[in-house]
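Visitor: Coordinates for the following, if possible.
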Amino acid sequence: MFIFLLTGLTVRAQVVKRPFIVESNAHTGLVVPLYEAMNYLVTEDIYAYDLSVSFPTTGKDYWEKLYRYPRTGFGYSYWSLGNNEILGKAHALYSFINVPFSKQVKKVSFNYQLSFGAAYLTKRFDKTDDHLNRAIGSHLNAYVRMGIDGKIKLFPNGELILEAGVSHFSNGKTKSPNYGINAGSCSVGFNYHFNSNAITMQEPEIPVVEKRYFQSVVYSAGLKVYDNLLGNKYLATSCSYNIERQVSLKRRFGIGADFFYDGSIKEALASSDGTLETDFAKLIRVGLHASYAIRYKQMILGMQLGHYLYSKYTVLTPVYFRISVQYMLTQNLTGGVSIKSHMGKADTLEWGIGYSW
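Guide: Presented below is the predicted three-dimensional model:
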């Protein structure tokens, strides 16, 4: 199928002059159950297939040179999930960036890749038809993959790819159950460059870092369920303050504080007769975090590791982790999405807006 696709694209590439790359990969690996309740679900190894299109950067702005001329693109991925009868298959559409660790050495390059997208899982928890599926409660889920790869040039327009990475499927606790699916896999693939002779590399000047410290406030909100099968949705919000030191144009480190309100704790702390908890002081949590962020053009990928200082709901681990993707709407205003998790289990999917100065 890949060869047939290349044959058709070769004809079309004569009309489309922009350089692009078509890549196909075959994966094998296993689902990694992080919870005991997931152990019995995984009965076999997994396999997956990717087909993607990417566009090489040429240095039209200093960000492309700063990241050693990465490739950005989009793709489709098909996954088995270790138990076809209970967990089913996954179909994912994603965008990605593939960044070299260093300049290409002769015919070999080493890279890291971040992929984000949405996935449709053919199986989900159902009280009647699929009551053993404790992993996923919805068909629509978020898809995230992080991997490293080595590319070996076989001939001027073709490369062999060897890759290893981890993938995650989760609905962000918008439906229950939601232990999520975590998979580790290795892959082998091949890509072909079209119109590579049209690439003209540029060397823009990289500016110096002028501002060293940034402060920001982010307000986020989303809907979530409690860990039962009632399906009641509750509002979850957060307000976060962060102060960061910019160590380079790409990277920032920081610390900050978080205030959380979680309406699903009403069920978690309900009395024995089913009366929901209404004390506001028991529905909030306060924490401190350390942060790390990387920026590429207008996109900012942020990670936070935090610890609750105050929480009346103590069933969860006191440590939380958040990963976010933000887009700079203006120099000071950002909009984005974040996922908070506890020990690898997604807790809240939130949409937010932030202001930095």
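Visitor: going forward, measure contacts between C-alpha atoms and count neighbours the same way
Guide: Will do.
Visitor: Quick one, grab the pLDDT at residue 13.
Guide: If you check residue 13, the pLDDT there is 47.
Visitor: Use 603 as the first number for this chain going forward.
Guide: In the new numbering, first residue 603, that becomes residue 615.
Visitor: Would you map the helices across the stretch 853-959 of the chain?
Guide: With DSSP state H, counting those that start in this stretch as the criterion, the stretch 853-959 of the chain has helices at 867-870.
Visitor: Same question for the chain.
Guide: Counting by DSSP state H, the chain has helices at residues 604-614, 664-668, 867-870.
Visitor: So which bits of the shortest one are buried?
Guide: Judged by neighbour count (16 or more other C-alpha atoms under 10 Å), helix 867-870 contains these buried residues: 867-870.
Visitor: Map the structural domains onto the sequence of the protein.
Guide: What automatic domain parsing lists as the domains of the chain is 604-800, 815-958.
Visitor: tally of neighbours for residue 813?
Guide: Residue neighbour count, defined by other C-alpha atoms under 10 Å, stands at 11 for residue 813.
Visitor: quick one: it from residue 858, how far?
Guide: As judged by C-alpha to C-alpha, to the nearest Å, residue 813 and residue 858 stand 19 Å apart.
Visitor: Look up the closest residue to residue 846, ignoring the ones flanking it.
Guide: Computed as C-alpha to C-alpha, 6 or more residues apart in numbering, the closest residue to residue 846 that is not its neighbour in sequence is residue 856, at 3.9 Å.
Visitor: on that earlier part again, ranking the domains of the chain by mean pLDDT, which is last?
Guide: Minimum mean pLDDT among the domains of the chain: domain 604-800, a mean of 88.
Visitor: roughly how far out does that one sit from the chain middle?
Guide: Distance, stretch centre to chain centre, for domain 604-800: 11 Å (C-alpha atoms, centre = their mean, to the nearest Å).
Visitor: Same check on stretch 857-873?
Guide: 24 Å.
Visitor: End to end on it, go ahead and measure it.
Guide: Taking C-alpha to C-alpha as the criterion, the two ends of stretch 857-873 lie 37 Å apart.
Visitor: which residues sit against it?
Guide: Stretch 857-873 is contacted from outside by 826-828, 835-846, 878-880, 884-893, 915, using C-alpha atoms under 8 Å, 6 or more residues apart in numbering.
Visitor: Go through that stretch and flag the buried ones.
Guide: Across stretch 857-873, burial judged by 16+ other C-alpha under 10 Å covers 857-871.
Visitor: which pair in these spans the largest distance?
Guide: 857 and 869 (31.7 Å; C-alpha to C-alpha).
Visitor: now the buried residues of helix 867-870 as CSV including distance to residue 702?
Guide: Conversion of the buried residues of helix 867-870 to CSV gives the following (distance: C-alpha to C-alpha, whole Å):
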residue, distance to residue 702
867, 44
868, 47
869, 47
870, 46
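Visitor: Residue 803: which of those is nearest?
Guide: Among the buried residues of helix 867-870, residue 867 lies closest to residue 803 (C-alpha to C-alpha), at 54.9 Å.
Visitor: what's the distance between the closest one and residue 674?
Guide: Distance from residue 867 to residue 674, counting by C-alpha to C-alpha: 41 Å.
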